[in-house]
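> I'd like to go over a predicted model; first the sequence, then the structure.
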Amino acid sequence: MATISPVALHELLQDKTFQNVIDVRTPVEFAEVHVDSAKNVPLDSLKPDELHDTHRLSIEKPIYILCRSGQRATKAADQLAKAGYPNSIVVEGGTLAWIAAGLPVNRGKTKVIGLERQVRIAAGTLVLSGVLLSYFVNPAFIWLSGFVGAGLIFAGITDWCGMGLLLAKAPWNQKA
């Protein structure tokens, strides 16, 4: 899979006719901060066959993909490659690297909690709840903590997080 640095992409974007940049974060994350020329196409609703019609992206030109740090962009690039987009390029380090390089971004007025932090908060809450419920209510509730722990191990091994996908669809992550 091809990658590009944020600085190199910024230089390419100086040509105003070039607009094949997508950001696959949730609409709320995108509204908080994003690269000016990027179009928001959340990973959980990415449909490669609709990119040309819906977002006016050209299959002939490279499609540069951003997310927060690069993980979701990598998944999107894999989806696009399987759908016949040969020039899907991941921006190294995502929006965080773009900001760290001092490149211009559009910032919204509200601060949001990123999807990765939401997963950690939800997982921690479920584990703590399972422990407390198993102590105070019924010992069988310890399985809740075990289930969440197994899910985190699975997510770490496979790089697929069901909790993250569910949280991405939550109402507070859909409003821009």
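Looks like it arrived, so ask away.
> end-to-end on stretch 11-23?
By Cα to Cα, to the nearest Å, the extent of stretch 11-23 from end to end equals 18 Å.
> how far out from the middle of the chain is that stretch?
Distance, stretch centre to chain centre, for stretch 11-23: 20 Å (Cα atoms, centre = their mean, to the nearest Å).
> what's that stretch in contact with?
For stretch 11-23, contacts defined as Cβ atoms under 8 Å, 6 or more residues apart in numbering pick out 4, 9, 30, 34-41, 51, 55-58, 61-67, 76, 95. From N, CA and C alone the C-beta is placed, and that goes for glycine too.
> mind redoing it with 7 Å?
30, 34-35, 37-41, 57-58, 61-67 (Cβ atoms under 7 Å, 6 or more residues apart in numbering).
> any idea of the mean pLDDT in that stretch?
Across stretch 11-23, pLDDT averages out at 84.
> what comes up buried for it?
For stretch 11-23, a neighbour-count test (16 or more other Cβ atoms under 10 Å) marks 13, 19-23 as buried.
> so the residue at minimal distance from the centre of the chain, which of the three states?
Taking Cα atoms, centre = their mean, the centroid of the chain lies closest to R25, which sits 3.8 Å from it. For R25, the secondary-structure state derived from DSSP: H, G, I helix; E, B strand; the rest coil is coil.
> my guess is it contacts R68, does it?
Yes - the pair R25 and R68 qualifies as a contact (Cβ atoms under 7 Å) at a distance of 5.8 Å.
> Touching the helix or strand of the chain with the lowest mean pLDDT from outside, list them.
Within the chain, no helix or strand scores below helix 51-55, which has a mean of 71 by mean pLDDT, DSSP states H and E. For helix 51-55, contacts defined as Cβ under 7 Å, 6+ apart pick out 39, 41, 57, 59.
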